[in-house]
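Colleague: here is a sequence together with a model predicted from it:
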Amino acid sequence: MSACIRQHMRCVRSPGAPAPIAVAGLLAALALGPPALAAVPSTPDAGASIAAAKPGAVAGSVDAGGYQTCGVNTTGTVTCWGSNTHGQASPLSGTYIAVSAGRSHTCGLKTNGTVACWGSNTYGQAPEGFGGTFTAISAGGTHTCVLRTAGTVACFGNTANGRTTPPSGTFTAISAGFGHTCGLRTDGTLACWGLNANGQATPPTGTFTSVSAGGYHTCAVRTIGTLACWGRNTEGQAKPPSGTFVAVAAGWLHTCGIRSNGIVACWGDNSAGQATPPTGSFSVISAGGETPTTSYSCGVKTSGRVVCWGADQVHQGDAPNELLFSGPGLSSGWEHACGIEHDDGAVLCWGANDFGQATPPAGAFTAVDGGGYHTCALRTVGTLACWGGQPPIDFGQQTPPTGSFSAVTAGWIHSCAVRISATVACWGNDNSGQSMPPSGTFTAVSAGGPSEALASDNQLAAHTCGLRTNGTVACWGSDGYGQSTPLSGTFTAVAAGGDHSCALRTNGTVACWGRNSEGQSTPPSGTFTAIAAGWRHNCAVRTSGIVACWGSDIFGQTQFPAGTFVALSAGEAHSCGVRTTGRVVCWGAISGVPPGLR
């Protein structure tokens, strides 16, 4: 249970992951299981109580239940969020080493080895107290099982199908699912009991290192690292991928596992996105929910940060930690945005994804830039990766050249990058010369567009500006409004917008040129440290850290929040910024913003 958890959402820790307290014999999977009881609706009650996430990072373990999620904080206290209709998200005081979230109840293992439960107790699954000391606990659908310090198992709650009648013998781990439970015996073999209508309680032979009981299927990690799943397989949830894993979590109709390299893989039903994990390296995994549309998954990254994906009807996926990004690693595209997470360099995107522009590849990156319908990023090794721009808007803007680069920019339907040699390379649409950079050396480049000036093919005109090594600015491409005719002087940064451009002078003031229909080329006075140009608006960071925005405000894209920032990015009708704390906030018209950025 230090690994974590319960049936529908099972929290499973990879063997090498740090635990708040080491407990002998505590392996990975405990499980809960969502029972389809007529008395409990499959969707949250109207006006259901919602537990707010408490501040503080959740690290060590996390468990996804029916509609609530709980985790053990670095301080040993438990934090829960999501539905609290039955009090299942209101943990009892004390310090814990593990927590397991069931359908409508939650149980935790305290540091002194005792167990505390809270939430629904209709079947006696969450008693106020019981004697003895334990090493693991797993909350299922309407039953709970515990592992005594002597290694024997005790279960209580709903007695249907023998789910509370464990076999004799000693065990090292247990996992309670919807209506069945499985345990890992001390010799490494498996034993299961309870509901077996789909064969979920009939394990295969062999030796294993962990087991996870889901809705109507079960999965386990063999001693050789491969996975074995059995039971219901209507959505492919019991058909694991090949390869070696260190942890597995069986949910309602989906399953997730942590590969040996720390990457998460999920399979089965994906109705709510529960089987589409984010990039990055994880140490704990959990799968929850009790219907296809309410299913979700949560995991703990190796940095200790909790991330969730899938359904979020009652904020069960709103992990109580902020998404932290590195300052330079933030960019707003036309209707999407991307950022580079500070803990592992992975790219996270949100917003429009109709052309795949918000589906980044795995890996570590140092810079990212969102374009019209595509995104490009700079890998830590210096090579480029671009995604999106699928037909019918495929102009090659998502196919970067080979080689090593120091900077990259994605425009409307073209892209540019600065090579290690300091020369600029551009690719994609070139109907107005935006992909034909001049000779010379540069330190930065910014691709803009789309221009509202007529072009030869459906108004796809755009322009690009670059900062030369001598501090002057050069622009090329569409110049219908003078956006490619830069002002004289020396600068430290440049940003190309729709039909205008802005740059940060060496004295810290901002200069803009080009179209000014919305006031986008009339910057405020003062000194600044960063500048971002959107389609018809701009935002900049003052030397005090306060944000200033100007230009079009139809969707509130210039109504910046209070606070201090280190970086900004502007899109078609939205803006995003990185606070001095590393937290990202967005404003204006953009959808699909992750919980931590709301």
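Modeller: All right, it came through fine.
Colleague: straight-line length of stretch 417-429, end to end?
Modeller: Across stretch 417-429, the terminal residues are separated by 15 Å (C-alpha to C-alpha, to the nearest Å).
Colleague: list the buried residues of it.
Modeller: Neighbour counts using 16 or more other C-beta atoms under 10 Å place 417-419, 424-429 of stretch 417-429 among the buried residues. Glycine gets a C-beta too; all of them are placed from N, C-alpha and C.
Colleague: tell me the two of those that are most distant?
Modeller: Greatest spatial distance in the buried residues of stretch 417-429: 419 and 429, 20.6 Å, computed using C-beta to C-beta.
Colleague: who's sitting farthest from the centroid in this protein?
Modeller: Most distant from the centre of the chain: residue 488, at 43.5 Å, with distances by C-alpha atoms, centre = their mean.
Colleague: and that residue, what element?
Modeller: Per DSSP states H and E: residue 488 is located in neither a helix nor a strand.
Colleague: what residues does it make contact with?
Modeller: residue 472 (C-beta atoms under 8 Å, 6 or more residues apart in numbering).
Colleague: what of residue 536?
Modeller: Contacts of residue 536 by C-beta under 8 Å, 6+ apart are 497-498, 500, 517-518, 520, 551-552.
Colleague: do the same with residue 472
Modeller: 486, 488-491.
Colleague: mind checking how far it is from residue 507?
Modeller: 15 Å (C-beta to C-beta, to the nearest Å).
Colleague: residue 159 too?
Modeller: Residue 159 is 78 Å from residue 507, by C-beta to C-beta.
Colleague: ditto for residue 312
Modeller: 47 Å.
Colleague: one more: residue 583?
Modeller: Taking C-beta to C-beta, one finds residue 583 at 30 Å from residue 507.
Colleague: look at those two and report which has more neighbours.
Modeller: Using other C-beta atoms under 10 Å as the criterion, residue 583 and residue 507 rank with residue 583 on top: 17 against 10.
Colleague: returning to that earlier point: residue 278: which of the buried residues of stretch 417-429 is nearest?
Modeller: residue 417 (25.5 Å).
Colleague: wait, that closest one touches residue 409, no?
Modeller: Yes: with contact defined as C-beta atoms under 8 Å, residue 417 counts as touching residue 409 (7.0 Å).
Colleague: find residues that contact each of those two.
Modeller: In contact with both residue 417 and residue 409: 376, 445, using C-beta under 8 Å, 6+ apart.
Colleague: tell me where this protein has helices.
Modeller: Counting by DSSP state H, the chain forms no helices at all.
Colleague: domain map for it?
Modeller: According to automatic domain parsing, the chain comprises the domains 12-37+46-310, 325-597.
Colleague: of those domains, which approaches residue 316 most closely?
Modeller: Between the domains of the chain, domain 12-37+46-310 lies closest to residue 316; by C-beta to C-beta that is 3.3 Å.
Colleague: avg pLDDT for that closest one?
Modeller: Per-residue pLDDT over domain 12-37+46-310 has a mean of 85.
Colleague: cool, stretch 460-478 as well?
Modeller: Mean predicted confidence for stretch 460-478 is 95.
Colleague: picking that back up, filter the contacts of residue 472 down to the buried ones.
Modeller: Applying 16+ other C-beta under 10 Å to these flags 486, 491 as buried.
Colleague: biggest separation within the contacts of residue 472, which pair?
Modeller: Taking C-beta to C-beta, no two of the contacts of residue 472 sit farther apart than 486 and 490, at 11.3 Å.
Colleague: end to end, how far does stretch 400-418 reach?
Modeller: Start-to-end, stretch 400-418 (C-alpha to C-alpha) is 12 Å.
Colleague: please disregard the earlier target; I meant stretch 361-374.
Modeller: By C-alpha to C-alpha, one end of stretch 361-374 lies 13 Å from the other end.
Colleague: kindly report the same for stretch 407-414.
Modeller: 15 Å.
Colleague: got it, and stretch 156-164?
Modeller: Termini of stretch 156-164 sit 5 Å apart (C-alpha to C-alpha).
Colleague: what are the buried residues along that stretch?
Modeller: 156-158, 161-164.
Colleague: residue boundaries of the strands in the stretch 101-250 of the chain?
Modeller: Taking DSSP state E, counting those that start in this stretch as the test, the strands found in the stretch 101-250 of the chain are 105-110, 115-119, 134-139, 143-148, 153-157, 171-176, 180-185, 190-194, 208-213, 217-222, 227-231, 245-250.
Colleague: figure out which of these is closest to residue 387.
Modeller: strand 245-250 (26.4 Å).
Colleague: how far does the closest one sit from its chain's centre?
Modeller: Centroid displacement of strand 245-250 relative to its chain, using C-alpha atoms, centre = their mean, to the nearest Å, is 18 Å.
Colleague: C-alpha coordinates for it, PDB please?
Modeller: What follows is strand 245-250, C-alpha atoms only, in PDB (Å, rounded to 0.1, in the frame of the first residue of the first chain):
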ATOM      1  CA  PHE A 245       7.100  -3.200 -16.100                       C
ATOM      2  CA  VAL A 246       7.700  -2.300 -12.500                       C
ATOM      3  CA  ALA A 247       4.100  -1.500 -11.600                       C
ATOM      4  CA  VAL A 248       0.500  -2.000 -12.800                       C
ATOM      5  CA  ALA A 249      -2.900  -0.600 -11.900                       C
ATOM      6  CA  ALA A 250      -6.200  -2.100 -13.000                       C
END
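Colleague: ok, that strand: who's next to it in the sheet?
Modeller: strand 254-259 (antiparallel) (DSSP bridges).
Colleague: between the strand it pairs with and strand 227-231, how many degrees?
Modeller: 170 degrees (axes from the mean of the first three to the mean of the last three C-alpha atoms, to 10 degrees).
Colleague: name the residues that touch strand 254-259?
Modeller: 12, 14, 212, 214, 217, 219, 221, 227, 229, 235, 237-238, 240, 243-249, 264-270, 274-275, 277, 282-287, 295, 297, 299.
Colleague: swap the cut-off to 6 Å and go again
Modeller: Strand 254-259 has contacts (C-beta atoms under 6 Å, 6 or more residues apart in numbering) with 14, 219, 237, 243, 245-249, 264-269, 274-275, 282, 285, 287, 295, 297.
Colleague: if you count neighbours, what's buried in it?
Modeller: So strand 254-259, judged by 16+ other C-beta under 10 Å, has buried residues 254-259.
Colleague: and for stretch 286-299?
Modeller: So for stretch 286-299, counting by 16+ other C-beta under 10 Å, buried means 286-292, 294-299.
Colleague: looking at those residues, which one is closest to residue 573?
Modeller: Out of the buried residues of stretch 286-299, the member with the shortest distance to residue 573 (by C-beta to C-beta) is residue 296, at 29.6 Å.
Colleague: which residues touch the residue nearest to the closest one when sequence neighbours are not counted?
Modeller: Nearest residue to residue 296, sequence neighbours excluded (C-beta to C-beta, 6 or more residues apart in numbering): residue 310, at 3.2 Å. Applying C-beta under 6 Å, 6+ apart, we find residue 310 in contact with 272-274, 295-297.
Colleague: what would these look like in JSON lines with distance to residue 385?
Modeller: Formatted as JSON lines, the contacts of residue 310 follow (distance: C-beta to C-beta, whole Å):
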{"residue": "272", "distance to residue 385": "28"}
{"residue": "273", "distance to residue 385": "22"}
{"residue": "274", "distance to residue 385": "26"}
{"residue": "295", "distance to residue 385": "30"}
{"residue": "296", "distance to residue 385": "28"}
{"residue": "297", "distance to residue 385": "25"}
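Colleague: that'll do, ta.
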